[in-house]
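Participant: give me a 3D structure for the following:
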Amino acid sequence: MNFRAATAEPRGVRLALMAVALGFLFFFLGLPLLAVFVEAFAQGLPAYWTALAEPETRMAIWLTMLIAVVVLPFNILFGISAAWAVAKFEFRGKSLLLTLIDLPFAVSPVVAGLLFILIFGAQGWLGPWLAVHDIKIIFALPGMIIATLFITFPYVARELIPLMQAQGRDEEEAAVSLGATGWQLFRRVTLPNIKWGLLYGVILANARAMGEFGAVSVVSGHIRGETNTLPLHVEILYNEYNAIGAFAAASLLALLAIVTLVAKTLVEWRMQQETAMLNASLPPEKTE
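Facilitator: Sure thing, here's the model as predicted:
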């Protein structure tokens with residue numbers, strides 16, 4: 001019996017499915033992306049550079065980059081720690097930890113921003129204490145960093161957990177039996193095995209940090225030149241009918257998306273190459 005023929009689709013069905021998929025991508029991804037760049041350069045390159053050179057736009061770009069850089073080490077630290085705990089150990093509350101890691105995926109970013117206002121706002125749980133000690137979190141940079149961190153912290157962990165679970169604990173246990181310290185174990189055994197998965201998670205988390213709108217919008221206060229990130233600045237310019245400025249700023253976010261996509265593809269390709277090389281180097285009984 002030809003099992004392959006039983007699962008193969010007719011040529012017409014395959015072409016129809018491909019047409020639907022490509023058409024969807026064109027109308028909902030390609031066309032809007034093209035429209036952003038067309039509108040951004042509608043009045044020529046000088047107008048485009050003038051819009052990007054505005055002090056408020058430059059401040060928004062700098063603030064966006066700053067927040068992404070600040071939250072990145074926390075994402076890496078939490079992601080590696082959580083993945084190591086889940087993949088290498090058995091403990092009570094493991095299922096709860098996995099659920100909490102996925103929480104930002106289930107909670108609306110706007111709701112998350114409101115929760116931080118409830119905690120750190122002037123009328124919030126910690127608001128009076130913060131006011132007494134002259135600590136400002138809401139409508140300031142610390143609140144924006146906290147909100148961005150809440151939205152982005154699952155990405156590194158969620159990339160590393162299945163990877164480390166698939167790798168098992170054999171190599172770590174062998175290293176410990178040979179006298180390796182905890183730092184040597186991490187640097188020489190664990191990190192080389194997870195480096196591409198870690199980079200993949202970092203790319204996704206960094207892209208989300210730069211493009212986050214909902215949670216940051218709630219806690220930022222929209223103070224021009226002070227607490228507006230690039231996505232918030234795009235909204236303000238568009239609402240003021242400054243189309244060139246809005247689309248010029250949006251083009252930077254679009255370029256970020258393209259760079260992220262390219263980097264993501266390269267990392268995936270590199271991971272596949274290393275996996276194929278590893279499988280090829282194993283004895284036949286190990287690859288079955």
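
Participant: could you name the helices and strands sitting against the helix or strand harbouring residue 68?
Facilitator: Applying DSSP states H and E as the criterion places residue 68 in helix 55-88. Helix 55-88 makes packing contacts with helix 45-52, helix 94-101, helix 141-152, helix 154-167, helix 191-211, helix 230-239, helix 243-281 when contacts are defined by 3 or more C-beta pairs under 8 Å, 6 or more residues apart in numbering; DSSP states H and E. Using the backbone N, CA and C atoms, a C-beta is placed for each residue, glycine as well.

Participant: distance from that helix to the middle of the chain?
Facilitator: Centroid displacement of helix 55-88 relative to its chain, using C-alpha atoms, centre = their mean, to the nearest Å, is 9 Å.

Participant: in that helix, which residues are buried?
Facilitator: Within helix 55-88, the residues that qualify as buried are 56-57, 59-61, 63-64, 67-68, 70-72, 74-76, 78-80, 82-84, 86-87, counting by 16 or more other C-beta atoms under 10 Å.

Participant: now that helix against helix 94-101, angle please.
Facilitator: Helix 55-88 and helix 94-101 are oriented at 170 degrees to each other (axes from the mean of the first three to the mean of the last three C-alpha atoms, to 10 degrees).

Participant: angle of helix 55-88 against helix 45-52?
Facilitator: Between helix 55-88 and helix 45-52, the angle comes out at 70 degrees (the same axes, to 10 degrees).

Participant: now helix 55-88 against helix 191-211, angle please.
Facilitator: Using the same axes, to 10 degrees, the direction of helix 55-88 lies 140 degrees away from that of helix 191-211.

Participant: where does residue 278 land on pLDDT?
Facilitator: pLDDT recorded at residue 278 is 62.

Participant: for residue 288, same thing?
Facilitator: pLDDT for residue 288: 44.

Participant: so what does the nearest residue to residue 223 once chain neighbours are set aside have for phi and psi?
Facilitator: Using C-beta to C-beta, 6 or more residues apart in numbering and skipping residues adjacent in sequence, the residue nearest residue 223 is residue 139, 6.8 Å away. When read as degrees, to the nearest 10, the backbone of residue 139 gives phi 60, psi 30.
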